[in-house]
Structures are given as structure tokens and as C-alpha cells.
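Undergrad: Sequence below, structure please.
(one chain, ligands or ions: 1)
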Amino acid sequence: MKLKVILDKVLQERGAAFLANDPLSFPRRYRDPADREAAAVLCAVLAYGRVASIQQSLEDLLRRMPEGPALFIRRFDPRRDVRRLAGFRHRFNTGEDISALCWAIRCAIETAGSLEDFFLQGDDPGEPDIGLALSAFSSRLLQTDLSPLFGPRRRPDGFAYLLPSPSGGSACKRLCMFLRWVCRPDDGIDLGLWQGVSPARLVLPLDTHTARISVLLGLVQRKSPGWKMALEATESLRRLDPKDPVRYDFALSHLGISEGCTGKKGAWCKECAVRGRCRS
Ligand code: SF4
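TA: Predicted coordinates:
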């Protein structure tokens, strides 16, 4: 069976179960598109580590924003809201890092009109992928003046960890995933919030799971994960869908996250949808 047919079947049969186990289920709790976008950026940047730990952290973070994440960010007040996030922690990141991010997004929205327009200001639609735009997005957000929050000399250590850049070679999984969530059409999984970035230019969010599966399925020759491997895997996925190469990211990543693929032959392989194509 063709890989495209297999992955479509996986999405159809297991998509709902995968979604319940995915950080994308948090933005999907909101009806308002502005809340979905704000929750998406916060949830995507914190989507690292074990699933249970991510879910616990996102519950904690969003509980601190009872007015909704969009309003929380748009009205972010340095004096009041840094305190509201105090004590938050997710592995390498603290409430101060999230305060810095919320403030940077608030400033970006005030400058450009919306977060999408801020992103588009750094984008050239003639570029084949979103790499340069993503680098500009991260570096412009990181340049935000944080002195109203922390004074003139201090920047929280983990702020930069939330906003990596392809220009440094990072695969930028979390930001590529955020873009997948907001730029792909609403198919019951992704959110379809931004219209200005063609899904054809998105790059596969490459993490441990998608890197491993990409090697096992022969989508990449490279062995070391990073931006170049993400581009190589995306190029291979264009053969499945040239207009929407990352539509299969969700299925591929959950073969690891939800189905337990470790990359080695084991009991989990018996039920694996792609075992006929796997090189393990
Ligand atoms: S067959 Fe086994 S090793 Fe290969 S992708 Fe499936 S679960 Fe992973």
C-alpha cells in the first residue's frame, strides 16, 4: 500500500485518539480564534519533554489566564502579570520566560496589528520555505525591550529557548509545529487561523519521533537531526502532497508519541500501520 494511503488511514482511524494526547488539544478547547492563536503559541513553545509533564504544565499555565489567553496577552501588564505567572515552571522555562514571551507578543501585535502580520513582515512569499521568515520572527521577538518587566539589565535566561532560529541550524520543531497548527486548514486537527502563509511552504516539525520515523521510512538520508534534515524530510513529503507536505506530520509523530515506536523491532511493531514500509 502507498505510504500516503496508509497515513491517511492512520489519520482517519486514530486521529481523534492522537489529538487527546497532543498539546494541540489545549488550543482546541477555545472557540474564539484569537484565544486559539494565543494558546497555540504558548502551548507550542512549551511542547518539549514527556507528554504528561507538558499536559500538567499547560493546565497550570492556562489556568492562570481565566480571561482567556488572547486577552491575557493583549492586556499584559508588567507589574500585575509577571506576578500572575510567578512560580510557573516547565523544565528549562519559568514564569519569567513566559512573561517575556507574552510581552513580546503584545508588543508585536501593537506594532503590526496581529501576530500573523508581524510574521508576514519578515516573510518573502517568493522563498521556497518559511526558514528565513522564522529566523526573522524569532530574532525580532527576542529584540523586544523587556525593561518594563525586569529593569534595564536583566533578561530571563530561558526566553531565548522559547524562540530558536533555523539560522542557528536548529530544527525549530516547536515553532514549525505552531506554524503547522495555525497555517494548515482546519481539518479537525490543525486550526486554519492564518491565511497569509501557504501550507506548501511549511517545514516538517522535526523532533526525536519524526526524525526516527523519517529515517525508518527512508524519507531522509541524513542521520543528524537539525534544520537540514527537516528540509530533506519535507522535500520527501512533497511527493505525498506537494501543496501540503506537513499534513502527515501528525500521523508520523504519533507513531512514536502515542503508538510507542522506539525505532527498534519490538512488540509495538505488530500493530504498526507502517510496518510494511519500515526499514528497522
Ligand atoms: S515497524 Fe516498528 S520500528 Fe518500524 S515504524 Fe513501526 S513501530 Fe517503529
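Undergrad: So which residues of the stretch 151-280 of the chain form helices?
TA: Assigned by DSSP state H, counting those that start in this stretch, the helices in the stretch 151-280 of the chain fall at 159-162, 173-183, 208-216, 227-237, 249-257.
Undergrad: tell me the most buried of the ones you listed?
TA: For the helices of the stretch 151-280 of the chain, the largest average neighbour count (mean count of other Cβ atoms under 10 Å) is found in helix 173-183, namely a mean of 26. C-beta coordinates here come from the backbone N, C-alpha and C atoms, glycine included.
Undergrad: relative orientation of it and helix 249-257 in degrees?
TA: Angle of helix 173-183 versus helix 249-257, following axes from the mean of the first three to the mean of the last three Cα atoms, to 10 degrees, is 140 degrees.
Undergrad: Show the pLDDT at the residue most central in space within the chain.
TA: When Cα atoms, centre = their mean is applied to the chain, the residue found nearest the centroid is residue 177 (2.6 Å). Looking at residue 177, its pLDDT reads 98.
Undergrad: Can you verify my assumption that it contacts residue 44?
TA: Yes: the pair residue 177 / residue 44 is scored as a contact, 5.2 Å apart, by Cβ atoms under 8 Å.
Undergrad: quick revisit: give me the nearest residue to the residue nearest to the centre of the chain, chain neighbours excluded.
TA: residue 205 (3.9 Å; Cβ to Cβ, 6 or more residues apart in numbering).
Undergrad: Could you count how many residues lie near that neighbour?
TA: Residues lying near residue 205 (other Cβ atoms under 10 Å) number 28.
Undergrad: so it touches residue 253, yeah?
TA: Yes: using Cβ under 8 Å, residue 205 makes contact with residue 253 at a distance of 7.3 Å.
Undergrad: rewinding a little: out of the helices of the stretch 151-280 of the chain, which gets nearest to the ligand?
TA: In terms of Cβ to the nearest ligand atom, the element of the helices of the stretch 151-280 of the chain nearest to the ligand is helix 208-216, at 4.8 Å.
Undergrad: Run the angle between that closest one and helix 249-257 for me.
TA: Put simply, helix 208-216 runs at 100 degrees to helix 249-257, going by the same axes, to 10 degrees.
Undergrad: Measure how far helix 208-216 is from the centre of its chain, please.
TA: Taking Cα atoms, centre = their mean, to the nearest Å, the mean C-alpha location of helix 208-216 is offset from the chain mean by 17 Å.
Undergrad: Also stretch 158-175?
TA: Mean-position distance between stretch 158-175 and its chain equals 11 Å (Cα atoms, centre = their mean).
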